[in-house]
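Colleague: one predicted model, sequence on top.
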Amino acid sequence: MNSFVPIAVLVVVLATTNLTEVQAFVPLLPTRPVTPTTQLHASSLRIEFSNVANSTSDSETDVAVPQQKESSDALPPSMLELPRHPHTGVNDILIETENLLRSLHTHSKKVDTKNFQRSSQQGTGGAHDAIFSNTYVDLGKVDTVGFDYDYTLVTYTDELLELIYDMALKRLVHDRYYPTEMLSAGLKFDPFFSIRGLAVDKETGWICHLSYTHKVAVAWEGREKVSSSCVDATQRRSRLKPLNDLFSMAECCLIADAIQFFKQSELDFCPNNVVNDILGAIGDTHISGDFHRIVANDPKKYFNPTPHLKSVLTNLKSSGKHLIFASNSPYWYVDAGMRYVLGDDWISMWDIVIVSAGKPRFYTDKKRPFREVNKDNSRVKFKKVERLLQGEVYTEGCLNELTRLMNWGVHADRDADVNLEQGALNLANPSVLYIGDSLFADLVDAKREYGWITAAVTPEVGDEMAIQQTGDFILVEKTIEFLLNALRLLQDELGPSQRTVDDLHVLDSLERLVSKWRDRETALLGNPFGSVFRARYQPSLFAHSLRRYCDMYMSNVGALRLYSPQHRFYPEQDFRLLAHEIKRNPEECWDLEDVLAESAEED
């Protein structure tokens with residue numbers, strides 16, 4: 001009897017009564033047989049395999065499953081066709097894997113797992129409101145919490161990046177004499193093209209997604225994907241300029257669009273000059289303050305709502321923690337935004353307010369003094385700052401000066417010099433938590449030089465996890481796992497001997513098929529580069545930096561409202577992956593074919 005029996009139906013049984021706790025799951029190819037009634041448990045959902053082979057009518061009668069409409073873009077048959085091999089054992093593996101995949105895709109249409117998604121955006125809990133930890137963190141021991149401003153305390157709508165893109169494009173034409181036709185060519189910021197953590201090759205102008213080993217996993221020249229053979233042959237680490245923060249998404253998109261424009265117009269161009277000109281135009285747009293003034297005058301258009309921010313800050317403050325506001329943006333700009341999200345008395349919520357800080361230079365400079373800012377006209381007062389006072393606003397400075405001027409947690413019977421020293425000791429240690437969105441501007445030096453606890457704001461976590469919990473994504477993910485499992489099994493079957501032409505043909509064909517399914521996985525994420533945290537099948541350079549320099553990360557600062565100011569965070573046991581990527585599989589896994597065979601024999 002053939003050990004493979006096609007899957008007839010998957011019966012989805014909810015393990016909890018709360019739909020927000022449900023996570024769709026399809027098990028890996030496992031190792032031990034179980035009885036037909038055994039339920040394979042995931043974190044909050046279990047799948048029961050029953051009524052297999054020649055009993056489909058009964059199963060459809062007994063089990064009511066929601067019907068899902070056929071996809072408008074039907075799966076090409078070749079995506080489920082595996083090659084054949086003259087070796088009987090290898091061929092059996094290929095045939096059984098192909099049958100398994102066909103059955104999985106056929107019967108998955110009978111279950112709309114999108115009905116069982118975790119609804120994290122609709123209530124409390126879930127990926128959008130979770131905080132993930134890379135190390136042990138005890139918030140009870142944190143006495144000072146610092147916050148960045150842009151994309152941390154406030155987040156922006158896509159209109160902001162559209163504005164920066166448009167202003168930089170006009171600067172290219174008017175200041176750097178790029179073709180005026182670019183203004184009428186329909187070039188617009190595309191929020192579905194770029195992601196955070198990319199890099200630009202300064203020599204070729206390619207936009208690249210890097211793995212943690214700095215290998216280029218995906219590259220685009222303009223809006224055309226570069227073949228992997230070209231990438232491997234030409235990329236050099238020294239030529240790659242990181243585009244790390246969320247503002248960089250406008251740079252990335254404009255570089256790609258400008259190069260595509262030149263290619264389509266058949267105009268000669270130097271990619272290095274294009275990259276430098278665009279980076280310069282974006283920089284000029286920031287420095288000029290032009291877009292800051294537009295945003296400050298229309299906060300409703302450019303700022304996302306932050307309904308939980310005030311409660312987060314109030315909760316931290318009432319627990320006895322000191323709050324530091326530290327932004328690279330000018331006072332008049334942050335004042336407009338903070339008034340919009342927190343109210344006119346926003347400064348009173350902070351122990352210290354620092355603007356135009358110049359991070360990361362703020363961490364590395366040793367003697368740059370603070371200056372006080374006149375809150376009425378935003379002008380800088382050139383007088384010596386002897387003490388940082390609550391209710392005032394300061395600019396520039398450095399961490400050395402900040403620690404010297406602090407006097408928190410001191411005893412009244414000590415003299416001023418001792419108080420200042422005590423303040424410095426309190427600040428330059430792990431009792432300080434700093435939260436920001438930019439790894440290298442906000443967090444790296446704070447972690448590396450001063451041992452602060454660092455937390456990154458990464459909205460991509462919640463967005464990606466919501467997609468990864470849909471039925472379509474799970475099906476693609478498990479298809480890739482089955483194919484990789486087949487590659488491992490057939491190599492075990494072939495043994496250690498030298499590979500024949502047939503062997504290599506099968507291996508190459510399966511690897512190409514895996515690559516096609518990875519492309520499909522990337523497409524489901526809604527951009528041409530895929531996951532921010534994964535460069536194809538490896539952790540991305542961004543993910544590597546996130547693990548290395550950040551103790552925690554979250555989708556938004558509002559997630560803190562769900563955690564006690566004394567909450568203790570524990571890292572996941574598996575340090576090979578980021579915390580949100582770890583799949584909590586069943587304690588035991590079984591071979592699906594054996595499960596189905598056992599069921600058929602009992603019938």
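Modeller: Structure's in. What do you need?

Colleague: leaving out sequence neighbours, find the closest residue to residue 443.
Modeller: residue 454 (4.3 Å; Cβ to Cβ, 6 or more residues apart in numbering). Glycine gets a C-beta too; all of them are placed from N, C-alpha and C.

Colleague: whoops, residue 200 was the one
Modeller: Nearest one to residue 200, counting by Cβ to Cβ, 6+ apart, is residue 241 at 5.2 Å.

Colleague: show me where pLDDT drops low in the stretch 51-200 of the chain?
Modeller: Scanning the stretch 51-200 of the chain for pLDDT under 70 picks out 51-73, 109-125.

Colleague: hmm, try it at 80
Modeller: For the stretch 51-200 of the chain, applying pLDDT under 80 flags the ranges 51-74, 107-127.

Colleague: so how many other residues sit close to the closest residue to residue 559 other than its chain neighbours?
Modeller: Spatial nearest neighbour of residue 559, excluding adjacent residues (Cβ to Cβ, 6+ apart): residue 129 at 4.9 Å. By the criterion of other Cβ atoms under 10 Å, residue 129 has 21 neighbours.

Colleague: what of residue 253?
Modeller: By other Cβ under 10 Å, neighbour count at residue 253 equals 25.

Colleague: may I ask which helix or strand encompasses residue 97?
Modeller: Taking DSSP states H and E as the criterion, residue 97 maps to helix 88-108.

Colleague: need the residue closest to the centroid of this structure.
Modeller: residue 460 (3.6 Å; Cα atoms, centre = their mean).

Colleague: pretty sure that residue sits against residue 532.
Modeller: Yes. Judged on Cβ atoms under 8 Å, residue 460 makes contact with residue 532 at a distance of 4.3 Å.

Colleague: residue 260 contacts residue 224, correct?
Modeller: Yes. Under the criterion of Cβ under 8 Å, residue 260 makes contact with residue 224 at 7.4 Å.

Colleague: looking at these two, which is more packed in?
Modeller: Taking other Cβ under 10 Å, residue 260 and residue 224 do not tie; residue 260 has more neighbours (18 against 11).

Colleague: list the buried residues for whichever strand or helix holds residue 512?
Modeller: According to DSSP H and E, residue 512 maps onto helix 501-524. If you call a residue buried by 16 or more other Cβ atoms under 10 Å, then helix 501-524 has these buried ones: 503, 506-507, 509-510, 513-514, 517-518, 520-522.

Colleague: which among these gets closest to residue 302?
Modeller: Minimum distance to residue 302 across the buried residues of helix 501-524 is 29.7 Å, recorded for residue 522 (Cβ to Cβ).

Colleague: contacts only, for that closest one.
Modeller: Residue 522 is in contact with 218, 528-530, counting by Cβ atoms under 8 Å, 6 or more residues apart in numbering.

Colleague: most surrounded residue in those residues?
Modeller: Of those, with other Cβ under 10 Å as the count, residue 529 tops at 26 neighbours.

Colleague: show the pLDDT at that one.
Modeller: Predicted confidence (pLDDT) for residue 529: 93.

Colleague: element containing the residue nearest to residue 108 when sequence neighbours are not counted, please.
Modeller: Distances taken as Cβ to Cβ, 6+ apart put residue 475 closest to residue 108, at 5.4 Å, once the chain neighbours are dropped. Using DSSP H and E, residue 475 sits within helix 471-494.

Colleague: just the C-alphas of that helix, formatted as CSV.
Modeller: Taking Å, rounded to 0.1, in the frame of the first residue of the first chain, the C-alpha atoms of helix 471-494 are listed here in CSV:
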residue,chain,number,x,y,z
GLY,A,471,-4.4,31.9,4.8
ASP,A,472,-2.6,32.8,1.5
PHE,A,473,0.7,33.5,3.2
ILE,A,474,0.5,30.4,5.4
LEU,A,475,-0.1,28.3,2.4
VAL,A,476,2.9,29.7,0.5
GLU,A,477,5.1,29.4,3.6
LYS,A,478,4.2,25.8,4.2
THR,A,479,4.6,25.0,0.5
ILE,A,480,8.2,26.3,0.7
GLU,A,481,8.8,24.2,3.8
PHE,A,482,7.5,21.0,2.0
LEU,A,483,9.7,21.7,-1.0
LEU,A,484,12.8,22.2,1.2
ASN,A,485,11.9,19.1,3.1
ALA,A,486,11.8,17.2,-0.2
LEU,A,487,15.2,18.5,-1.1
ARG,A,488,16.6,17.2,2.2
LEU,A,489,14.9,13.8,1.9
LEU,A,490,16.0,13.1,-1.7
GLN,A,491,19.6,14.0,-0.8
ASP,A,492,19.5,11.6,2.1
GLU,A,493,18.2,9.0,-0.4
LEU,A,494,21.0,9.7,-2.9
